[in-house]
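Peer 1: Let's see this in three dimensions:
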Amino acid sequence: MKDYKLGKMERRFADLTWDNEPINSGELVKLCEKEFGWKKSTTYTMLRRLCDKGLFQNLDAVVSSILTREEFLTLQSEQFVDETFDGSLPLFLAAFAQRKHLTEKEIRELQKLIDEHQAKNRG
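Peer 2: Next comes the predicted model:
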């Protein structure tokens, strides 16, 4: 399994890239200088790191995502549940609900998700 954990600056860089993609790599360098105060080499080091993680690609000086932000967040969440709760979503939800009071709206949304998945499993 790939490691979908990102440090704080990796995440900020990823968000900046997702928000502006597709983007010319030179423009990305300028944007990172403006937003983070980075030098060109820092931007390319970070880009290479996130390309190696499978999030982005830099083809012909155009940076675009391989994974959308939503796909990445889904994989990151799955990895967390797998590593922390042995893949058990019920254990995760029980731990989460133990410390945080669920609102009626949250309970309805969770119940709706459960109902939708039950219907899929039956049909």
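Peer 1: next SSE after the strand or helix carrying Phe13?
Peer 2: Applying DSSP states H and E as the criterion places Phe13 in helix 8-20. Moving toward the C-terminus from helix 8-20, the next helix or strand (DSSP H and E) is strand 23-24.
Peer 1: Determine the set of other helices and strands touching that next one.
Peer 2: strand 62-65 (3 or more Cβ pairs under 8 Å, 6 or more residues apart in numbering; DSSP states H and E). All C-beta spots, glycine's among them, are computed from the backbone N, C-alpha and C.
Peer 1: Please report the residue range of the longest helix in this structure.
Peer 2: Secondary structure of the chain read by DSSP state H shows that its longest helix is helix 104-122.
Peer 1: the domain parsing of this structure - what is it?
Peer 2: 8-66, 70-122 (automatic domain parsing).
Peer 1: I'd like those as TSV, with mean pLDDT appended.
Peer 2: Shown next, in TSV, are the domains of the chain (pLDDT from 0 to 100):
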stretch	mean pLDDT
domain 8-66	97
domain 70-122	90
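Peer 1: Wait, Met9 touches Arg49, no?
Peer 2: No. In this structure, Met9 is not within contact of Arg49 by Cβ atoms under 8 Å, at 10.1 Å.
Peer 1: For the two, indicate the residue with more neighbours.
Peer 2: Arg49 (15 against 12; other Cβ atoms under 10 Å).
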